[in-house]
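[1] Coordinates only, no sequence provided:
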């Protein structure tokens, strides 16, 4: 039977309309799924969190012609304590701060001291000598950077400014906070906010806090909340348990005592230091570091001394067999009322590294001085700093295994969670890279968010950009963590291994290997480039 002349045109018209509808639906599906990143919750207002807020809302070079991504910060502390913590080194992080916003970098530089030299010394091998110490290596930073040339010089000398500084942690946070846009500081800085849950709805992610409040919706939640990150726990397990923080961390078996001499008295302007030198002193089973740090513009500098030593109950990260009650090692310690050594200070529950919990105070430096004398650490410079210090604390060094996921989609929503700073890659501090890597995370993540918003190719999913951020940052942070981990054990060794350490450092100084290790960690790694089919991470 032949179709009628009326039915055939109607059929053809219906078929054409159906095909057009399906085609239009398929072409519009990615557009419907394409969601601009407009609001980001930053959990933690330390160096990583504040740097990310700058990168999102205060970086013309990143946002360019786009509307800045709105950042809201949450912190479990009642406020930021600018008098807490000790000193940090800045190098590659300063270069990246200048990439984020030159005015912010200038404010941080004005609060800092240029670091010009790093010297490593050891106790004399033979008691018959009159020497107070043996010199193992000296790195004159600007000279060595220019000698290295290439990427190292391009990365660490910018506009003829050597990007290597020392600064107190509190002064760094203060400079980052003061240079934030007023709208963030006045309206979107939230304190006493402890995250207990993250949930999803159709319009985005919602963050619930211990005080019973919930905020949202957010397109992205970023955990910048330190080594015991609640957001990291959520990404790993899909939930946050009040007692689950310790499951994420690994104890290195290394402890650090800190002595901080705030408000160094300056007689006149001529006595005010214009630059800083860091001195490292090796002893038998411990080592110390002493230096001077910028503490903000128009303020006196701060001196600090550190004693790094192995926990007597551990061999590396492994607990010794003993009859003692099996407790988690503490990163906080209380002072002993007796004259016992620092290693016998009482240990309580697991806490956070110095970068994240800075008020675990020890009463005096007597135990620290005793340990230095017992280990034969040259104390001509370290001793006076400890004796004149007015703030002491002791902490254990914790770190993360690098083999964990950084991102997770929030169920029932299009939103994601990801990590930055120590929440992503808590590392031992023995290469001085924690703050630098946190700033680099901030730049790299913000760059990926703006790239996603700017990309009109709707086949690219948001999770691809988060994976790219992780891919760029994972290799350098994992490499630095491993090197710092090994350095911490080597530098605090004793006996024959201690002798090997001294010989190793002297040889590395002669051959230039020490410079390569230091500068290799300092060079920023924030951009992924394609080279002849091979993916590399570069500045």
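    Looks like it came in fine. Every value quoted in this text rests on a predicted model; they were computed, and no experiment measured them.

[2] CA only for contacts and neighbour counts going forward, please
    OK.

[3] Which residue ranges of the stretch 151-300 of the chain form strands?
    Taking DSSP state E, counting those that start in this stretch as the criterion, the stretch 151-300 of the chain carries its strands at 157-158, 161-162, 165-168, 189-190, 195-201, 204-209, 214-218, 220-223, 250-261, 276-282, 287-293.

[4] mind listing what's buried in whichever strand or helix holds residue 104?
    Using DSSP states H and E, residue 104 maps to helix 102-110. Using 16 or more other Cα atoms under 10 Å as the test for burial, helix 102-110 gives 104-105, 107-110.

[5] what residues does that helix touch?
    Contacts to helix 102-110, defined as Cα atoms under 8 Å, 6 or more residues apart in numbering, come from residues 94, 97-98, 165, 172, 175-176, 179, 296-297.

[6] so which of those is the most crowded?
    Highest neighbour count within the contacts of helix 102-110, by other Cα atoms under 10 Å: residue 94, with 29 neighbours.

[7] My reading is that that residue is in a helix; is that accurate?
    Yes. Assessed with DSSP: H, G, I helix; E, B strand; the rest coil, residue 94 lies in a helix.

[8] ok, now which ones touch it?
    105, 163-164, 436.

[9] and of those residues, the nearest to residue 123?
    The closest of the contacts of residue 94 to residue 123 turns out to be residue 164 (Cα to Cα; 27.9 Å).

[10] can you pull the contacts of that closest one?
    Taking Cα under 8 Å, 6+ apart as the contact definition, residue 164 lies against 89-92, 94, 114-116, 156.

[11] Keep only those of the residues you listed that are in helices.
    Using DSSP state H, the subset of these located in helices is 92, 94, 156.

[12] Return the distance of residue 83 relative to residue 260.
    From residue 83 across to residue 260, the span is 10 Å (Cα to Cα, to the nearest Å).

[13] Between these two, which is the more surrounded one?
    A count of neighbours by other Cα under 10 Å puts residue 260 above the other of residue 83 and residue 260, at 24 against 16.

[14] What residues are bridge-paired with the residue nearest to the more buried one when sequence neighbours are not counted?
    In this structure, residue 260 finds its nearest non-sequential neighbour in residue 304, 4.5 Å apart by Cα to Cα, 6 or more residues apart in numbering. On the basis of DSSP bridges, residue 304 is bridged to residue 260, residue 291.

[15] For residue 304, give its distance to residue 254.
    19 Å.

[16] So which residues of the stretch 351-500 of the chain form strands?
    Under DSSP E, counting those that start in this stretch, the stretch 351-500 of the chain gives strands at 391-399, 408-409, 416-419.

[17] I'd like those written out as JSON lines, with mean neighbour count and distance to residue 68 added.
    Below are the strands of the stretch 351-500 of the chain laid out as JSON lines (neighbours: other Cα atoms under 10 Å; distance: least, Cα to Cα, whole Å):
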{"stretch": "strand 391-399", "mean neighbour count": "26", "distance to residue 68": "33"}
{"stretch": "strand 408-409", "mean neighbour count": "19", "distance to residue 68": "23"}
{"stretch": "strand 416-419", "mean neighbour count": "26", "distance to residue 68": "19"}
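
[18] I'd like those as JSON lines, with distance to residue 446 and mean pLDDT appended.
    Output for the strands of the stretch 351-500 of the chain, formatted as JSON lines (distance: least, Cα to Cα, whole Å; pLDDT from 0 to 100):
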{"stretch": "strand 391-399", "distance to residue 446": "25", "mean pLDDT": "91"}
{"stretch": "strand 408-409", "distance to residue 446": "17", "mean pLDDT": "96"}
{"stretch": "strand 416-419", "distance to residue 446": "12", "mean pLDDT": "98"}
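
[19] Need the pLDDT of residue 224.
    Here, the pLDDT recorded for residue 224 equals 97.

[20] Start the count at 29 instead of 1 going forward.
    Will do, 29 is the new start, and the previous item becomes residue 252.

[21] right, and it touches residue 446 too?
    No. With contact defined as Cα atoms under 8 Å, residue 252 does not reach residue 446; the gap is 9.0 Å.

[22] The nearest residue to residue 460 once chain neighbours are set aside and residue 308, how far apart?
    Once flanking residues are discounted, residue 460 sits nearest to residue 117: 5.8 Å by Cα to Cα, 6+ apart. From residue 117 across to residue 308, the span is 14 Å (Cα to Cα).

[23] and what of residue 282?
    17 Å.

[24] which of the residues in stretch 216-231 are buried?
    Under 16+ other Cα under 10 Å, the buried positions of stretch 216-231 are 217-219, 221-228.

[25] Which one of these is nearest to residue 257?
    residue 223 (9.5 Å).

[26] Now do the contacts for the closest one.
    Counted by Cα under 8 Å, 6+ apart, residue 223 has contacts 71, 104, 235-238, 258-259.

[27] before we move on, what about residue 277?
    Per Cα under 8 Å, 6+ apart, neighbours of residue 277: 255-256, 426-429.

[28] I'd like those residues laid out as a markdown table, including distance to residue 531.
    Formatted as a markdown table, the contacts of residue 277 follow (distance: Cα to Cα, whole Å):
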| residue | distance to residue 531 |
| --- | --- |
| 255 | 34 |
| 256 | 37 |
| 426 | 28 |
| 427 | 28 |
| 428 | 30 |
| 429 | 30 |
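
[29] In the residues you listed, find the pair that's most separated.
    256 and 429 (12.8 Å).

[30] More neighbours: which of the two?
    Per other Cα under 10 Å, whichever of residue 256 and residue 429 has more neighbours is residue 256, with 25 against 15.

[31] Can you tell me which of the contacts of residue 122 end up in helices?
    Filtering the contacts of residue 122 for helices - DSSP H - leaves 133, 464.

[32] can you put the contacts of residue 122 in JSON lines and add distance to residue 92 and pLDDT?
    Below are the contacts of residue 122 laid out as JSON lines (distance: Cα to Cα, whole Å; pLDDT from 0 to 100):
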{"residue": "133", "distance to residue 92": "19", "pLDDT": "97"}
{"residue": "191", "distance to residue 92": "25", "pLDDT": "96"}
{"residue": "192", "distance to residue 92": "28", "pLDDT": "97"}
{"residue": "464", "distance to residue 92": "24", "pLDDT": "97"}
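
[33] just curious, which of the contacts of residue 122 is nearest to residue 75?
    Out of the contacts of residue 122, the member with the shortest distance to residue 75 (by Cα to Cα) is residue 464, at 9.2 Å.

[34] Was I right to think that closest one contacts residue 116?
    No. The criterion here is Cα under 8 Å, and residue 464 misses it with residue 116 at 9.2 Å.

[35] between these two, which one's more packed in?
    Higher neighbour count among residue 464 and residue 116: residue 464, with 26 against 22, using other Cα under 10 Å.

[36] Quick one, grab the pLDDT at residue 405.
    89.

[37] Might you report the residue contacts of the closest residue to it other than its chain neighbours?
    Nearest residue to residue 405, sequence neighbours excluded (Cα to Cα, 6+ apart): residue 311, at 4.1 Å. Contact analysis of residue 311 by Cα under 8 Å, 6+ apart lists 150-151, 400, 403-406, 520, 522, 526.

[38] how does it look with 6 Å?
    By Cα atoms under 6 Å, 6 or more residues apart in numbering, residue 311 lies in contact with 151, 403-405.

[39] What of residue 259?
    residue 251.

[40] just the one 4 residues further on next, same as before
    For residue 263, the contacting residues are residue 436, taking Cα under 6 Å, 6+ apart as the criterion.

[41] and if you look at residue 120?
    464, 550-552.

[42] Mind checking which of those residues land in helices?
    Going by DSSP H, the helices hold 464, 550 from the contacts of residue 120.

[43] Farthest-apart pair in the contacts of residue 120, please.
    464 and 551 (9.6 Å).

[44] So which elements touch the longest helix along the chain?
    Scanning the chain for the helix with the most residues, using DSSP H, yields helix 490-519. Helices and strands touching helix 490-519, by 3 or more Cα pairs under 6 Å, 6 or more residues apart in numbering; DSSP states H and E: there are none.

[45] Pull out the buried positions in it.
    For helix 490-519, burial by neighbour count (16+ other Cα under 10 Å) applies to 490-491, 493-502, 504-506, 508-509, 511-513, 515-519.
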